[in-house]
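Have a look at this fold, sequence not included:
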Ligand SMILES: N[C@@H](CCC(=O)N[C@@H](CS)C(=O)NCC(=O)O)C(=O)O
C-alpha cells in the first residue's frame, strides 16, 4: 500500500558524468519507493515523462556500446523491449577514444549510466534495467523462477560463448572437428532445455534468458561463413526459438546484416585478433 508523504526536496549530482545526471528533485517518497534498491524513488518511463515535463529532474539512461558486441546487444534488446528512453553512445572498439578509459578503466562495453549509478557487465545491467524501469517484465517475480532464469543466463554465458569463440578463432584446422563438436554439444543441450518447455521461449513467457542468449544466434552467420557451420535443422526446438526471437520487433529493429558481422569478426577468424 502506498503512503502519501509531503514532497521532499533533495539534491543528487552524479559524480561521474560531464552530462551530469543532475537531479534537483522534489519527489514524493512512498513506502514502496523507499525500499527500491536503486536509491529511493520509483523510476519508470511514465514517471520520467511526468518529471521531465516539470523540468525537475533529468535522468535519461545512457548506454555506451558497440553494435558488434553481443553483450551490448543484450542490453539494447532489453532497452527496446521495455521501451526505455535512452541515449546510446557508440564506442569504436577498434579505435577506442582515450576518454572512454576515464569513464570506465577496463574500456569494455556495455556501460550504463543512470540515476547517478555507473553499471557494467551486461547481465547486471539487464537486471538493473529490469528492476529500475517500468514496462513489460522479463524476470518472474517468484524467487525460485528468478533463479532459474539466472542459471540459464549463466549457463549460456559460460557454456555457449567460449566454444563459439574458440571455434571461430582456431587456426589449427585439424582441431576444427573437435571444436565444432563442442559447439554442437551445447546446442543439443539447448534443444533439450527448450524441449522441456511448452512454448517457443525458455519459460512460459519471454525472459532475460531469451534476450541474453539471442545475440550469439545473430552472429552464427560468422561461423557459417568462416567455419562452414550451421545449426543443424534437426535441432528443431532451437530453430523454433530462434524464429520466435527473430519475429520480435526489438530484434528486427536492432538487427545488423550478416555482412556486417562477417567483416567485423574477420580478424578473429583469420587469427589476427584473439577474443578477450
Ligand atoms: N563480461 C562483459 C563482457 C564485455 C566485453 O567483453 N565487451 C567487449 C566487446 S564484446 C569489449 O568491450 N572489448 C573491448 C576491450 O576489451 O577493449 C559483459 O558481460 O558486459
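Everything's here; your move. Bear in mind the structure is a predicted one, so any value in this text is a computation, not a measurement.

Can you name the residue of the stretch 151-276 of the chain nearest the ligand?
residue 276 (4.7 Å; C-beta to the nearest ligand atom). Just so you know, the C-beta spots here come from the backbone N, C-alpha and C atoms, and that holds for glycine as well.

near the ligand, which residues of the stretch 101-250 of the chain?
107-110, 121-122 (C-beta under 6 Å from any ligand atom).

Out of those residues, which is nearest to residue 71?
Of all those, the one with the least separation from residue 71 (C-beta to C-beta) is residue 122, at 3.9 Å.

element containing the closest residue to that closest one other than its chain neighbours?
Spatially, and ignoring its direct neighbours in sequence, residue 122 is nearest to residue 71 (3.9 Å; C-beta to C-beta, 6 or more residues apart in numbering). Here residue 71, judged by DSSP states H and E, is contained in helix 70-82.

Whether that helix contacts the ligand - can you check?
Yes: Helix 70-82 reaches the ligand (C-beta under 6 Å from any ligand atom) through residue 71.

Does anything pack onto that helix? Which helices or strands?
The elements that helix 70-82 packs onto, with contact taken as 3 or more C-beta pairs under 8 Å, 6 or more residues apart in numbering; DSSP states H and E, are strand 61-65, helix 122-132, helix 208-218, helix 249-254.

want to throw those into CSV with distance to residue 260?
Formatted as CSV, the helices and strands packed on helix 70-82 follow (distance: least, C-beta to C-beta, whole Å):
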stretch, distance to residue 260
strand 61-65, 15
helix 122-132, 20
helix 208-218, 10
helix 249-254, 12
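
right, so of those, which gets closest to residue 163?
Of the helices and strands packed on helix 70-82, nearest to residue 163 by C-beta to C-beta is helix 208-218, at 10.3 Å.

Helix 70-82 and that closest one, what's the angle between them?
130 degrees (axes from the mean of the first three to the mean of the last three C-alpha atoms, to 10 degrees).

list the helices and strands helix 208-218 packs on?
Packing partners of helix 208-218 (3+ C-beta pairs under 8 Å, 6+ apart): helix 70-82, helix 122-132, helix 143-155, helix 236-246, helix 249-254.

rewinding a little: what sits against the residue of the stretch 151-276 of the chain closest to the ligand?
Listed by C-beta atoms under 8 Å, 6 or more residues apart in numbering, the contact set of residue 276 is empty.
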